[in-house]
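1. this is a predicted model, with the sequence first.
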Amino acid sequence: MKRTMIGLGAVVLALSLSAPALADQGNGAAEATSARGGHDGHGHGHGGDGDFGRATLTGFASLPALTFVPGSEPSGSLLGTAPVNGVTPPFSGQPVQGFSGVARRDDGTFDVLSDNGYGNKANSSDFLLRVQRVRPDFRTGGVRVVGGVNLSDPDRRVPFALTRPDRKLTGADFDVESMVRASDGTLWLGDEFGPFLLHFSATGKLLETPIALPGVQAPENPYLGGGTPNLGSSKGFEGMARSVDGKKLYPLMEGTVAGDPAGALRVSEFDVRHREYTGRRWVYQLEDPAHAIGDMIAVDANRFLVIERDGGQGDTALVKRLYLADLRDRDRDGKVDKTLVADLLDIANPKRLGGFDTTFRFPFQTIEDVVILDDSTLGVLNDNNFPFSSGRTAGKPDDNEFITIRLSHRLGADPRVLR
């Protein structure tokens, strides 16, 4: 899967990794208007100049797939006993895997969110939901796990039944896929089973009752009560941004709500202070209804970075892209304007970082993390779906890779994002 890095990127990376944490990744969208459906392909970009050019790899680091939380409980007991990509379940501990959200800290480390475990509600009841803390080293090419917190509900905020009597949360309780840090250090997570918004303390304790999205229910929703879901299984909040002023959250669906146009994904607005949805909504239109999004973060008050991808891996991976999505909808087609920022399957690698060729590919089935390091440098991480994904080397479970790329143009990001 992952290789060892053989060089360091630009000096700016070292500077950016020692800069303050980007906890305020979000978007106020103060000027945006409600969306009505549709999409314009590659819309308005940096000053309306169209798509960005080719991005350049400036850093590569990886965490081996077979990395487990020290002293943790066994897991994977519901996966059977047949080898998967050469790895035989069950496992002696909790794997450090499935990175589905990232938040930068001010000491060169990153909080990364492990998702619901082994892919679905039925097989993940012994996977403990956890926020891992990692430190990438782009000089050596390694990633160290330096801590983390399990997610739990000791104060009984969840009104429906949980898997464990000790109220530690598992992948059978929630499918957490997106994460932002508030200015007070608490964490907001987006779930796909409800979909719900979940608010946790910095130590992983659930602080309030899960907040449902009005009018939308996935098949796993505990309140469905035999009703008909209007969202696909685990197609809830895959991405979520926080406004730069901290007043709003902007969760983005992974799936299309029944009745909406094919490939149209809802972006909703949530008022953090009043703990309610404002009713404002926009549409992110996929390039193909078969695609999915992986993450969403804010650039300024109107623009987001969104990962869009197909379901392929390795040689079958054809679409792994970063778009700049502008909520202002300047062409008035009812959909956010999209500008291609980076093709993750065609990244220039002149220094052959990581031992790869001069063209670097990030060919993973699920790429679910992006973070702004400076105005022209992004960090991107994959979700390795341990032990199932094998996009780097066929028959071998993917590592968790952490790359940094330099864009061909500056983003012109809000200064609060760069702090």
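-> Nice, thanks for sending it over.
2. make it CA atoms for all contacts and neighbour counts henceforth
-> OK.
3. show me how far stretch 371-384 is from its chain's centre.
-> With Cα atoms, centre = their mean, to the nearest Å as the basis, stretch 371-384 stands 11 Å off its chain's centre.
4. should've said stretch 62-78
-> Here stretch 62-78 shows a centroid-to-chain-centroid distance of 20 Å under the convention Cα atoms, centre = their mean.
5. gap between the two ends of that stretch?
-> In stretch 62-78, first residue to last residue: 27 Å (Cα to Cα, to the nearest Å).
6. which parts of that stretch are buried?
-> Buried residues in stretch 62-78, counted by 16 or more other Cα atoms under 10 Å: S62, L63, P64, A65, L66, T67, F68, V69, P74, S75, G76, S77.
7. and of the residues you listed, the nearest to K351?
-> Nearest to K351 among those, counting by Cα to Cα, is S62 at 17.5 Å.
8. how many neighbouring residues does the residue nearest to the closest one when sequence neighbours are not counted have?
-> Leaving out its chain neighbours, the residue that sits closest to S62 by Cα to Cα, 6 or more residues apart in numbering is E401, at 4.3 Å. Neighbourhood size, E401 [other Cα atoms under 10 Å]: 27.
9. was I right about E401 contacting Q97?
-> No - at 10.5 Å, E401 does not count as touching Q97 under the criterion of Cα atoms under 8 Å.
10. all helices for the stretch 301-419 of the chain, in order.
-> Using DSSP state H, counting those that start in this stretch, the helices assigned to the stretch 301-419 of the chain run over residues 415-418.
11. actually, the chain.
-> 11-17, 415-418 (DSSP state H).
12. comparing these, which gets the lowest mean pLDDT score?
-> Of all these, mean pLDDT reaches its minimum on helix 11-17 (a mean of 38).
13. thought R406 was touching L57?
-> Yes - shown here, R406 and L57 form a contact pair, counting by Cα under 8 Å, at 6.4 Å.
14. which one of those two is surrounded by more residues?
-> More crowded of R406 and L57, by other Cα under 10 Å: L57, with 29 against 26.
15. give me the pLDDT for that one.
-> 98.
16. before we move on, what about P20?
-> 32.
17. got it, and G50?
-> 78.
18. what's the answer for D115, then?
-> At D115, pLDDT is 87.
19. now swap in the one 3 residues further on and tell me
-> Reading off the confidence values, Y118 has pLDDT 95.
20. for F91, see how far away it is.
-> In terms of Cα to Cα, Y118 sits 12 Å off from F91.
21. the more surrounded of those two?
-> More crowded of Y118 and F91, by other Cα under 10 Å: Y118, with 24 against 16.
22. and for the more buried one, nearest residue in space, chain neighbours not counted?
-> Closest to Y118 by Cα to Cα, 6+ apart is S124, at 5.5 Å.
23. and the one you found, how many residues sit next to it?
-> 24.
24. OK, contacts around it?
-> Neighbouring residues of S124 by Cα atoms under 8 Å, 6 or more residues apart in numbering: G76, L78, N116, G117, Y118, T170, G171, A172.
25. for stretch 354-367, how far is the first residue from the last?
-> In stretch 354-367, first residue to last residue: 18 Å (Cα to Cα).
26. residues in contact with that stretch: which ones?
-> Contacts of stretch 354-367 (Cα under 8 Å, 6+ apart): 3-7, 57, 60-61, 141, 294, 307, 309-315, 317, 320, 344-352, 380-385, 389-392.
27. list the buried ones in that stretch?
-> Of the residues in stretch 354-367, those buried (16+ other Cα under 10 Å) are G354, G355, F356, T358, F360, R361, F362, P363, F364, Q365, T366, I367.
28. adding distance to L252 and pLDDT, write those out as a markdown table.
-> Listed next are the buried residues of stretch 354-367 as a markdown table, based on distance: Cα to Cα, whole Å; pLDDT from 0 to 100:
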| residue | distance to L252 | pLDDT |
| --- | --- | --- |
| G354 | 32 | 97 |
| G355 | 35 | 97 |
| F356 | 33 | 98 |
| T358 | 34 | 98 |
| F360 | 28 | 98 |
| R361 | 26 | 98 |
| F362 | 23 | 98 |
| P363 | 23 | 98 |
| F364 | 21 | 98 |
| Q365 | 19 | 97 |
| T366 | 16 | 97 |
| I367 | 15 | 98 |
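29. out of the residues you listed, who's nearest D329?
-> Distance to D329 across the buried residues of stretch 354-367 (Cα to Cα) is lowest for I367, with 26.0 Å.
30. now the closest one, which residues is it bridged with?
-> N382 (DSSP bridges).
31. I'd guessed F138 sits against L63; true?
-> No - using Cα under 8 Å as the test, F138 is too far from L63 to be in contact (11.9 Å).
32. narrow the contacts of stretch 354-367 to just the buried residues.
-> If you count burial by 16+ other Cα under 10 Å, the buried members of those come out as 3-7, 57, 60-61, 141, 294, 307, 309-310, 312-314, 317, 320, 344-349, 351-352, 380-385, 389-392.
33. first vs last residue of stretch 97-108, how far apart are they?
-> Terminal residues of stretch 97-108 lie 20 Å apart, using Cα to Cα.
34. and that stretch, average pLDDT?
-> On average, stretch 97-108 scores 94.
35. let's have the chain start at 808 instead
-> Okay, residue one is now 808; in that scheme the one you just asked about reads as stretch 904-915.
36. list the buried residues of that stretch.
-> For stretch 904-915, by 16+ other Cα under 10 Å, it's Q904, G905, F906, S907, G908, V909, A910, R911, R912, G915.
37. got a markdown table for those residues, with distance to P1058 too?
-> Shown next, in a markdown table, are the buried residues of stretch 904-915 (distance: Cα to Cα, whole Å):
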| residue | distance to P1058 |
| --- | --- |
| Q904 | 23 |
| G905 | 19 |
| F906 | 17 |
| S907 | 14 |
| G908 | 12 |
| V909 | 15 |
| A910 | 15 |
| R911 | 19 |
| R912 | 21 |
| G915 | 26 |
